[in-house]
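Visitor: heads up, no residue letters with this:
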């Protein structure tokens with residue numbers, strides 16, 4: 001986390017310990033909420049790059065309004081001050097009301113880092129009752145990163161291999177399409193069918 005926890009037992013590691021209980025705060029990461037922060041973050045770096053399909057996120061309470069989730073590939077650098085908008089996978093709109101305590105977020109991209117950012121810019125507004133308009137914190141119980149090895153796809157236990165026609169054998173996490181391009185630079189279609197010359 002960008003700042004220390006309120007108590008030592010509320011450390012950043014609690015978010016990836018496999019415990020989704022939201023009622024007992026001892027299973028959550030909670031930043032020192034007595035201090036004033038206008039921008040905070042939490043992140044996890046996976047052991048290697050995966051073809052991430054989606055996230056299951058468990059929050060204890062609703063002070064996470066306005067939060068952002070980003071995903072980063074192994075070659076990209078996370079910048080907490082000005083994160084790359086191309087890496088954005090979800091933003092909770094605080095003007096839509098309070099967020100749910102459990103959120104499923106579609107990712108569908110290669111990733112090695114998952115980052116939560118919560119900030120209060122000067123023009124921040126919210127329709128979530130009790131939301132603090134000037135400061136924020138990290139309060140999150142669990143993030144489950146669901147997906148396959150980087151060359152596999154499907155919700156059926158990741159048994160399907162990405163097609164060799166796909167660039168670097170990387171593909172859509174759900175349907176196996178070559179979303180990152182084709183191995184053959186002469187392929188003309190999204191299905192990576194090579195052009196045939198007739199004479």
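Guide: Now that the structure is in, tell me what you want to look at. Bear in mind that the values here come from a model prediction, so they are computed numbers and not experimental data. Residues are numbered from 1 along each chain as shown.

Visitor: What distance do you get for residue 142 to residue 116?
Guide: Separation of residue 142 from residue 116 (C-beta to C-beta, to the nearest Å): 12 Å. Where C-beta positions appear, they are placed from N, C-alpha and C, glycine not excepted.

Visitor: brain fart, residue 12
Guide: For residue 12, the distance to residue 116 (C-beta to C-beta) stands at 10 Å.

Visitor: So which of those two has more stuff around it?
Guide: Using other C-beta atoms under 10 Å, the more surrounded residue of residue 12 and residue 116 is residue 116, with 24 against 18.

Visitor: Pretty sure that one sits against residue 140.
Guide: Yes - between residue 116 and residue 140 a contact is recorded at 6.4 Å, counting by C-beta atoms under 8 Å.

Visitor: shared neighbours of these two, anything?
Guide: Counting by C-beta atoms under 8 Å, 6 or more residues apart in numbering, the shared contacts of residue 116 and residue 140 are residue 42.

Visitor: Give the other helices and strands that the longest strand seen in the chain contacts.
Guide: If you go by DSSP state E, the chain has its longest strand at strand 39-58. In terms of contact count using 3 or more C-beta pairs under 8 Å, 6 or more residues apart in numbering; DSSP states H and E, strand 39-58 is assigned the packing partners strand 68-72, strand 102-119, strand 139-140, strand 142-149.

Visitor: If we use 10 Å, what do you get?
Guide: strand 68-72, strand 88-91, strand 102-119, strand 139-140, strand 142-149, strand 152-153 (3 or more C-beta pairs under 10 Å, 6 or more residues apart in numbering; DSSP states H and E).

Visitor: strands paired with the third one, and their directions?
Guide: Sheet pairing for strand 102-119, assigned by DSSP bridges, gives strand 39-58 (antiparallel), strand 68-72 (antiparallel).

Visitor: Kindly report the same for the second one.
Guide: According to DSSP bridges, strand 88-91 has the following sheet partners: strand 68-72 (antiparallel).

Visitor: quick one: the strand it pairs with to strand 142-149, angle?
Guide: Using axes from the mean of the first three to the mean of the last three C-alpha atoms, to 10 degrees, the inter-axis angle of strand 68-72 relative to strand 142-149 is 30 degrees.

Visitor: what sits up against strand 68-72?
Guide: 41, 43, 45, 49-50, 52, 55, 57, 76, 78-80, 83-92, 103, 105, 107-119, 143, 145 (C-beta atoms under 10 Å, 6 or more residues apart in numbering).

Visitor: what does stretch 85-92 give?
Guide: For stretch 85-92, using C-beta under 10 Å, 6+ apart, the contacting residues are 52, 54-55, 57, 64-73, 76, 78-79, 98-100, 103-109, 111, 113-118, 128.

Visitor: rewinding a little: make TSV out of the helices and strands packed on strand 39-58 and add mean pLDDT and distance to residue 179.
Guide: Below are the helices and strands packed on strand 39-58 laid out as TSV (pLDDT from 0 to 100; distance: least, C-beta to C-beta, whole Å):
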stretch	mean pLDDT	distance to residue 179
strand 68-72	95	14
strand 88-91	96	14
strand 102-119	95	8
strand 139-140	92	29
strand 142-149	96	14
strand 152-153	96	10
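
Visitor: Alright, I will stop here.
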